[in-house]
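J.: following is a predicted model, sequence given first.
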Amino acid sequence: MTQEELFKKLIAHCKEYGFIFPSSEIYDGLSAVYDYGQLGVELKNNIKTYWWDSMTKLHDNIVGIDAAIFMHPKVWEASGHVGAFNDPLIDNKDSKKRYRADVLIEEWIAKQDEKIEKECAKAAKRFGESFNKEMFVQTNGRVLEIAARRDEVNRRMAEALNANDLVELRQIILDCEIVCPISGSRNWTEVRQFNLMFSTQMGSVAEGANTVYLRPETAQGIFVNFLNVQKTGRMKIPFGIAQIGKAFRNEIVARQFIFRMREFEQMEMQFFVRPGEEMEWWKRWKETRMSWHRALGFGDDKYRFHDHEKLAHYANAATDVEFNFPFGFKEVEGIHSRTDFDLGRHQQFSGKKIQYFDPETGESYVPYVVETSIGVDRMVLQVLSAAYKEEQLENGETRTVLSIPAPLAPVKVAVLPLVKKDGLQEIAMDLVHKLKFDHNVQYDEKDSIGKRYRRQDAIGTPFCVTVDHQTKEDGTVTIRERDTMKQWRVSIDELESIVADKVGMRQLFEKLV
Ligand code: GAP
């Protein structure tokens, strides 16, 4: 199965089992907008808890807030979003399709990497065991030629984006002979800037309408509350403010399922530090955040950092945590050193002093900020794409299983009476009532036990508890583990503590401290 096929299957699986639906589906959906179903919302909430608690419980100098989505329009002038939150777009005159110019070039660059990989695969076949990939990549003429061209285009694109040089961006597209995937033609328009913010009107038109924006990032709600939180919480620098909430962007290229949406959710933390100490904190937060991802156990090789060459208007250093999705390594999280840009600009635009008096140095200053910013939906996609497996069993059957880390799984335990008689249902229901105070539990009595296990595997339930006739005799039940399919008996009295141990967030948190 190719990665593309796997991704298609995953999308279908998400719909079939109630994780994710296209928005307004009965009206044929709304482009790049999705709804979370009954299991999707549980997974999403667990991811949010993992992030929120790791920030606010494991760090005694980080607190949370929940700011409004609507903010004063001046916020977005001060932050630079009105003037600079743009994507360069280009249209193909034949297909009338619209693209992001930088994405077209990035895709061309990715194709060069694929070409290099193909050359390596061919050589590996030719040379057999003696093949040394590192040496081959450094010495083979064809590979060196492709790599040099790729690096040159990468450099030109970074320069053009930094200089806002739209003519040069178009020239790169022409020089690379990039064609429209729909029409196959190179009949391109000029490149122009497109602002990504959604706007709407606040107040009735008669009263004089005011344009307000749907926030394109949650971070600004934290910046404008910096003094409120610092003063009321008596916070001392360095300290952080965390927030989870919706953000909106009118993305030109919205695709790859929930990877790039027009309405999505962010988990952002702004960490306020002394000027001059931001690089040290930026490096620390890079490591802290990478550990948070790796603790999920999908494999360290699934992640990498990608340091930015083109920096956003507010940053002096930035990196992405990239995850190896079925469509390649892509950003899930950004870690940005945002300098004093935001607080400085809000001070300037509001006319209010936004400074911190540092009792240790006796100085007042505008703090510097290191931000960690992760998309909830991209985390959901990360977990689902790492978890989705189709396994061949010894008996020749295949099973689809979601190996979601137990603390994040939507349903923690399924309680299954072996048969619908002899009082087994009543015992099973008693167990459900015991476990449901602490966990999301499902009761299922329909179909054969094998079919019920498969249903739970497909939604990622880490444990099934089966009540059988022996339960009536000795008070024990069978626990079946999703990933290994191993089964063992435990006493009902121990069940609560065994389950709590296996599905609790604590096991993740212990890896972080
Ligand atoms: N406050 C900084 C900021 O917003 P960003 O790199 O633009 O930085 C941060 O966004 C994260 O938000 C990304 O790493 C990604 O996970 C998520 N994100 C951004 N745009 C998104 C979109 N259109 N759909 C889903 N997630 C998105």
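T.: Structure's in. What do you need?

J.: so what's residue 193 up against?
T.: 86, 87, 88, 89, 164, 166 (C-beta atoms under 8 Å, 6 or more residues apart in numbering). For the C-beta atoms, the positions are set from N, CA and C on the backbone; glycine is no exception.

J.: any idea whether it is helix, strand or coil?
T.: strand (DSSP: H, G, I helix; E, B strand; the rest coil).

J.: the stretch 401-513 of the chain: helices as residue ranges?
T.: 424-435, 449-459, 469-474, 492-503, 506-509 (DSSP state H, counting those that start in this stretch).

J.: for the ligand, find the nearest of these.
T.: Nearest to the ligand, of all the helices of the stretch 401-513 of the chain, is helix 506-509, at 19.6 Å by C-beta to the nearest ligand atom.

J.: hmm, back to that, adding distance to residue 179, mean neighbour count and mean pLDDT, write the helices of the stretch 401-513 of the chain out as JSON lines.
T.: Formatted as JSON lines, these follow (distance: least, C-beta to C-beta, whole Å; neighbours: other C-beta atoms under 10 Å; pLDDT from 0 to 100):
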{"stretch": "helix 424-435", "distance to residue 179": "57", "mean neighbour count": "17", "mean pLDDT": "97"}
{"stretch": "helix 449-459", "distance to residue 179": "40", "mean neighbour count": "18", "mean pLDDT": "97"}
{"stretch": "helix 469-474", "distance to residue 179": "66", "mean neighbour count": "13", "mean pLDDT": "97"}
{"stretch": "helix 492-503", "distance to residue 179": "51", "mean neighbour count": "15", "mean pLDDT": "95"}
{"stretch": "helix 506-509", "distance to residue 179": "46", "mean neighbour count": "16", "mean pLDDT": "96"}
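
J.: about what we covered before: mind checking which of the contacts of residue 193 are buried?
T.: 87, 88, 89, 166 (16 or more other C-beta atoms under 10 Å).

J.: give the burial count for residue 468, as a bare number.
T.: 19 (other C-beta atoms under 10 Å).

J.: for it, give me its contacts.
T.: 418, 424, 477, 478.

J.: nearest spatial neighbour of the first one, chain-adjacent residues omitted?
T.: Distances taken as C-beta to C-beta, 6 or more residues apart in numbering place residue 468 nearest to residue 418, at 4.2 Å, with adjacent residues excluded.

J.: got a pLDDT number for that neighbour?
T.: Residue 468 carries a pLDDT score of 97 in this model.

J.: how near is it to residue 200?
T.: Per C-beta to C-beta, to the nearest Å, residue 468 is found 59 Å from residue 200.

J.: same question, residue 169
T.: Using C-beta to C-beta, residue 169 is found at 31 Å from residue 200.

J.: residue 397 versus the residue nearest to residue 482 when sequence neighbours are not counted, what's the distance?
T.: With C-beta to C-beta, 6+ apart as the criterion, residue 482 has its nearest non-adjacent residue at 5.0 Å, and that residue is residue 462. Using C-beta to C-beta, residue 462 is found at 21 Å from residue 397.

J.: also residue 157?
T.: From residue 157 to residue 397 the distance is 49 Å (C-beta to C-beta).

J.: same check, this time on residue 386
T.: Residue 386 is 23 Å from residue 397, by C-beta to C-beta.

J.: these two - which one has more neighbours?
T.: residue 386 (21 against 10).

J.: make sure the more buried one is indeed in a strand.
T.: No - Residue 386 is assigned helix when assessed by three-state DSSP, not a strand.

J.: pretty sure it is touching residue 297, no?
T.: No - counting by C-beta atoms under 8 Å, residue 386 stays clear of residue 297, with 9.1 Å between them.

J.: around the ligand, pick out the residues from the stretch 351-500 of the chain.
T.: Proximity of the stretch 351-500 of the chain to the ligand (C-beta under 6 Å from any ligand atom) is limited to residues 371, 373, 374, 375, 377, 378.

J.: closest one of those residues to residue 180?
T.: residue 378 (27.2 Å; C-beta to C-beta).

J.: please name the nearest non-neighbouring residue to residue 440.
T.: residue 411 (5.2 Å).

J.: residue contacts, the one you found?
T.: 39, 42, 440, 441, 442, 456, 459, 460, 461.

J.: mind redoing it with 10 Å?
T.: 38-39, 42-43, 404, 439-442, 456, 459-463, 503 (C-beta atoms under 10 Å, 6 or more residues apart in numbering).

J.: got it, and residue 244?
T.: 47-49, 51-52, 55, 64-66, 218, 265-269, 374, 376.

J.: return the per-residue confidence for residue 209.
T.: 63.

J.: hang on, I meant residue 161
T.: 89.

J.: look up phi and psi at it.
T.: Main-chain torsions, residue 161, degrees, to the nearest 10: phi -70, psi -40.

J.: element containing the closest residue in space to it that isn't next to it in sequence, please.
T.: Leaving out its chain neighbours, the residue that sits closest to residue 161 by C-beta to C-beta, 6+ apart is residue 310, at 4.5 Å. Using DSSP states H and E, residue 310 maps to neither a helix nor a strand.

J.: ok, back up a step: overlap in contacts, residue 386 and residue 297.
T.: Joint contacts of residue 386 and residue 297 (C-beta under 10 Å, 6+ apart) are 403, 405.

J.: and the one helix or strand residue 124 maps to, what other elements does it pack with?
T.: Residue 124 belongs to helix 101-127 when assigned by DSSP H and E. When contacts are defined as 3 or more C-beta pairs under 10 Å, 6 or more residues apart in numbering; DSSP states H and E, helix 101-127 packs onto strand 86-91, strand 98-100, helix 133-139, helix 141-162, helix 166-175, strand 328-339.
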